[in-house]
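1. Could you look at this predicted model? Sequence included:
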Amino acid sequence: MTRFTVLLLPLLICTATAHAAELIASVDRSRLNSGETVELTLETNDVTQFGKPDLTPLEPLFEVRGTRQVNQLNTLNGGDRATTRWIITLLPKENGSVLIPPLQVGDVQSQPITVQVVESDVREDKNSLDPVFIEASLDQSSVYVQAQAILTLRIYHSVSLYDDSSLTPLQIADARVEQLGDTRTYEKDINGVRHGVIEMRYAIYPQHSGLLTIAPQTFSATLVETQPAQDSTAQGPKPGKLMRVSSAQIPLTVKPKPLTYPIDAPWLPARSLSLSESWNPEPEHTQVGDSLTRSLTLKVEGLASSQLPAMPATEVNGLRRYPDQPVLSNQSSDRGLIGSREEREALVPSRSGLIDLPTVDVVWWNTFEDHLEHTSLPARTLQVANNPSLQVDTPTGSLQPSAVDNDVLWWWKLSTLILACTTLLGFGLWWRARWQPAILRAAQTGPSPRTLMDDIKRASQANDPHATRQALDAWARQQPETLADMAARFVPLSDALDGLNGALYSETGQHWQGEDLWRAIRTIPAAERVQDPVGESGLPPLYPK
């Protein structure tokens, strides 16, 4: 049995490794011009693979320009993770949609990837014969004001360059400029000559309509000296030649906002737009006082997140709203920037029943199809139930008078008679108790108002919103009116309660200070508080009246 276990253990380890191992394929870009190279990266976390990928399936459609292997050891969450990468430089042999077939390393295989190869947009003019030249191009010749235009700068060099190259900063008057991703480097064949390419992409957002001129951009670099040194005793490489090349000036026509666009709506020119909503927790079973977090996410292709407007606030009767700061993010793609804006708010129902949330509608201009569009979230209704833990006794004064039936009027007369008898009895007991010794008094069945006030003071001065809320509810139950009535009558108390509720229900929380609430409680008119019959000294009055 032991021998069988020893033989089975390596097999189980190998099987587990085979299931955990995978070969992931990725490319540095999915769209390229004819004659340009693309880098294919194969990555595996299987440390038992010592071979190299079989590149035979690539030969019909690609020319393999080079292959290099990179081994890495990363530490993540206290554990080591080893990865192996093969970076393969490929030159497509055909235009159109070209499939990079699955490649195999050992027992694992990568997934296929499709790249788009379009006809080269580099003109074979006199510039293409220079050792270094620069090309600038726009993805479109005209755009709407504040819409996105993509400028691509490509520096071609058929000679080696030192690392001291520089490009003038792209500055355009009356336009915002955002760089798209990092600088790309690859190779391209022009007239049978292999060129290195340095590519940079920018998103340009014109702020005024009219003609916008993009000034020439200047690239400077030092050429590596390729001629042999005449003095063989000289140390180090000889200084090379400094080259400066400039791109052509490019005009861009900026169109004004269309007349059909609504005047009161924020101007949103975009290629595409999506609006989504999420809740935490889901609002199917909601009670009064529960905190619901609603998240609205606006995602726009063709605009930066800083250009996206705030979404309408959820101002609904019966809901208290506590908004958080919006979360902005940008993502670069082949078609420019994708900006997103997420707005979160805590919604606390203050009454039971049906609460209707209105439709959220965003108006925008589709720049791809050139027309006005609306993207909306449908209206929804919240079913809010009573919360038993928040139920309080209804004051007698809040009862509404009802119609009196003449046939049962005698019930009112009987109750009046009973009330009169009990009043006389109570007066007699009071008269008798008036002559009892002053030191005799009934024991209290609960904490005195002074004790409850001390609890509020300690909790508020400790800036603890939860303990303050509990002490406040206990104190309010001994008052002649509800906490809401006192807040409606006394403005400082209402403001202090709003700050306390914000700290309790906001998702991110607040640095709550309880001094304002304690000051409001202490300054409520004395006639509105239940006085402690014991007094501050803890003894009954010496001469009761």
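-> Okay, I see it. Numbers count the residues shown, from 1 in each chain.
2. can I assume Asp361 sits in a strand?
-> Yes: the assignment for Asp361 by DSSP: H, G, I helix; E, B strand; the rest coil puts it in a strand.
3. need the contact list for the spatially closest residue to it that is not a sequence neighbour.
-> Excluding the flanking residues, the one nearest Asp361 by C-beta to C-beta, 6 or more residues apart in numbering is Ser376, at 4.5 Å. The way it works is simple: take the backbone N, C-alpha and C, and place the C-beta from them, glycine included. When contacts are counted by C-beta atoms under 8 Å, 6 or more residues apart in numbering, Ser376 touches Leu275, Thr359, Val360, Asp361, Val362.
4. Of these - the most surrounded one?
-> Among those, Val362 has the most neighbours (other C-beta atoms under 10 Å), with 22 neighbours.
5. In which helix or strand does the nearest residue to that residue once chain neighbours are set aside reside?
-> Spatial nearest neighbour of Val362, excluding adjacent residues (C-beta to C-beta, 6+ apart): Thr375 at 4.9 Å. According to DSSP states H and E, Thr375 maps onto strand 371-377.
6. List the neighbouring strands of that strand plus their orientation.
-> Counting by DSSP bridges, the strands paired with strand 371-377 are strand 360-366 (antiparallel).
7. Under the pLDDT cut-off, which ranges of the stretch 1-150 of the chain? List them.
-> 1-21, 47-50, 75-80, 120-129 (pLDDT under 70).
8. need the strands for it, in chain order.
-> Ranges of strands in the stretch 1-150 of the chain, per DSSP state E, counting those that start in this stretch, are 23-27, 31-33, 38-44, 62-76, 79-92, 96-100, 104-105, 108-109, 113-118, 132-138, 142-144, 149-157.
9. again with the stretch 151-300 of the chain
-> 166-167, 175-179, 184-190, 193-206, 210-214, 218-222, 242-246, 250-255, 269-270, 272-280, 286-287, 292-301.
10. Name the stretch among these that sits most buried.
-> strand 269-270 (a mean of 23; mean count of other C-beta atoms under 10 Å).
11. what's the spacing between stretch 164-179 and its chain's center?
-> The chain centroid and the centroid of stretch 164-179 are separated by 29 Å under C-alpha atoms, centre = their mean, to the nearest Å.
12. Give me the buried stretch members for the helix ranked longest in the chain, please.
-> As assigned by DSSP state H, the longest helix anywhere in the chain is helix 409-434. The neighbour-count check on helix 409-434 (16 or more other C-beta atoms under 10 Å) flags nothing as buried.
13. Please pull up the helix or strand immediately following it.
-> helix 449-461.
14. Quick check: which element contains Gln331?
-> Applying DSSP H and E, one finds Gln331 within strand 327-333.
15. Pull up the pairing partners for that strand, direction included.
-> Strand 327-333 is paired, per DSSP bridges, with strand 336-349 (antiparallel).
16. what's the next secondary structure element after the partner strand?
-> Going down the chain from strand 336-349, the next helix or strand is strand 353-357, by DSSP H and E.
17. Give the rounded mean pLDDT of that following strand.
-> Average pLDDT, strand 353-357: 92.
18. how big is the angle separating that strand from strand 292-301?
-> Calculated by axes from the mean of the first three to the mean of the last three C-alpha atoms, to 10 degrees, strand 353-357 forms an angle of 20 degrees with strand 292-301.
19. by contact count, what packs against strand 353-357?
-> Packing partners of strand 353-357 (3 or more C-beta pairs under 8 Å, 6 or more residues apart in numbering; DSSP states H and E): strand 380-385.
20. contacting residues around the residue nearest to Ser274 when sequence neighbours are not counted?
-> Excluding the flanking residues, the one nearest Ser274 by C-beta to C-beta, 6+ apart is Lys299, at 4.8 Å. By C-beta under 8 Å, 6+ apart, Lys299 lies in contact with Leu273, Ser274, Leu275, Ser276, Ile338, Gly339, Ser340.
21. now the fifth one, which residues is it bridged with?
-> Ile338 has the following beta-bridge partners by DSSP bridges: Glu301, Gln331.
22. For it, the count of nearby residues, please.
-> If you count neighbours by other C-beta under 10 Å, Ile338 ends up with 20.
23. Test my guess that it contacts Gln331.
-> Yes: counting by C-beta atoms under 8 Å, Ile338 touches Gln331, with 4.5 Å between them.
24. where does this structure dip in pLDDT?
-> Using pLDDT under 70, the chain drops low at 1-21, 47-50, 75-80, 120-129, 226-240, 391-408, 436-446, 507-510, 525-545.
25. okay, which residue is most central for it?
-> Val327 (3.8 Å; C-alpha atoms, centre = their mean).
26. Quick check: closest non-adjacent residue to that residue.
-> That would be Glu342: by C-beta to C-beta, 6+ apart, it lies 4.3 Å from Val327.
27. Of all the strands of the stretch 1-150 of the chain, which one is nearest Pro388?
-> strand 62-76 (47.9 Å; C-beta to C-beta).
28. Tell me the one of the contacts of Ser376 nearest Val348?
-> Taking C-beta to C-beta as the measure, Val348 sits nearest to Val360 out of these, at 19.5 Å.
29. hang on, the closest one packs against His374?
-> No: contact between Val360 and His374 fails when scored by C-beta under 8 Å: they sit 10.9 Å apart.
30. Could you measure from the residue nearest to Val327 over to Asp130?
-> As for Glu342, its distance to Asp130 is 49 Å (criterion: C-beta to C-beta, to the nearest Å).
31. before we move on, what about Leu328?
-> For Leu328, the distance to Asp130 (C-beta to C-beta) stands at 43 Å.
32. With Leu292 instead?
-> From Leu292 over to Asp130 (counting by C-beta to C-beta), the distance is 65 Å.
33. Kindly report the same for Ser209.
-> 37 Å.
34. Make sure Asp473 is indeed in a helix.
-> Yes: under three-state DSSP, Asp473 sits within a helix.
35. That one: neighbour count?
-> Neighbour count of Asp473, defined by other C-beta under 10 Å: 13.
36. Then Leu153?
-> Neighbours of Leu153 using other C-beta under 10 Å come to 19.
37. How about Thr260?
-> Per other C-beta under 10 Å, the neighbour tally for Thr260 reads 8.
38. which ones are touching the residue lying closest to it once chain neighbours are set aside?
-> Closest residue in space to Thr260, ignoring its immediate chain neighbours: Leu372 at 6.1 Å, by C-beta to C-beta, 6+ apart. Neighbouring residues of Leu372 by C-beta under 8 Å, 6+ apart: Pro258, Thr260, Tyr261, Val363, Trp364, Trp365, Asn366.
39. from those, which is closest to Ile113?
-> For the contacts of Leu372, the nearest to Ile113 is Asn366 (30.1 Å; C-beta to C-beta).
40. pretty sure that closest one is touching Pro258, no?
-> No: distance between Asn366 and Pro258: 11.0 Å, which falls outside the contact criterion (C-beta under 8 Å).
41. more neighbours, these two?
-> Taking other C-beta under 10 Å, Asn366 and Pro258 do not tie; Asn366 has more neighbours (16 against 13).
42. Can you dump the C-alpha atoms of stretch 289-306 in PDB for me?
-> Coordinates of the C-alpha atoms in stretch 289-306 are reproduced here as PDB (Å, rounded to 0.1, in the frame of the first residue of the first chain):
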ATOM      1  CA  GLY A 289     -34.500  53.600   8.300                       C
ATOM      2  CA  ASP A 290     -32.600  51.100   6.200                       C
ATOM      3  CA  SER A 291     -29.600  52.500   4.200                       C
ATOM      4  CA  LEU A 292     -29.600  51.700   0.500                       C
ATOM      5  CA  THR A 293     -26.500  52.600  -1.600                       C
ATOM      6  CA  ARG A 294     -27.400  53.500  -5.200                       C
ATOM      7  CA  SER A 295     -24.500  53.700  -7.800                       C
ATOM      8  CA  LEU A 296     -25.000  55.300 -11.200                       C
ATOM      9  CA  THR A 297     -22.200  54.800 -13.700                       C
ATOM     10  CA  LEU A 298     -21.800  56.900 -16.900                       C
ATOM     11  CA  LYS A 299     -19.300  55.400 -19.400                       C
ATOM     12  CA  VAL A 300     -18.500  57.500 -22.600                       C
ATOM     13  CA  GLU A 301     -16.300  56.700 -25.500                       C
ATOM     14  CA  GLY A 302     -14.600  59.700 -26.900                       C
ATOM     15  CA  LEU A 303     -14.600  62.000 -23.800                       C
ATOM     16  CA  ALA A 304     -12.400  62.300 -20.700                       C
ATOM     17  CA  SER A 305     -13.900  61.700 -17.300                       C
ATOM     18  CA  SER A 306     -13.400  65.300 -16.400                       C
END
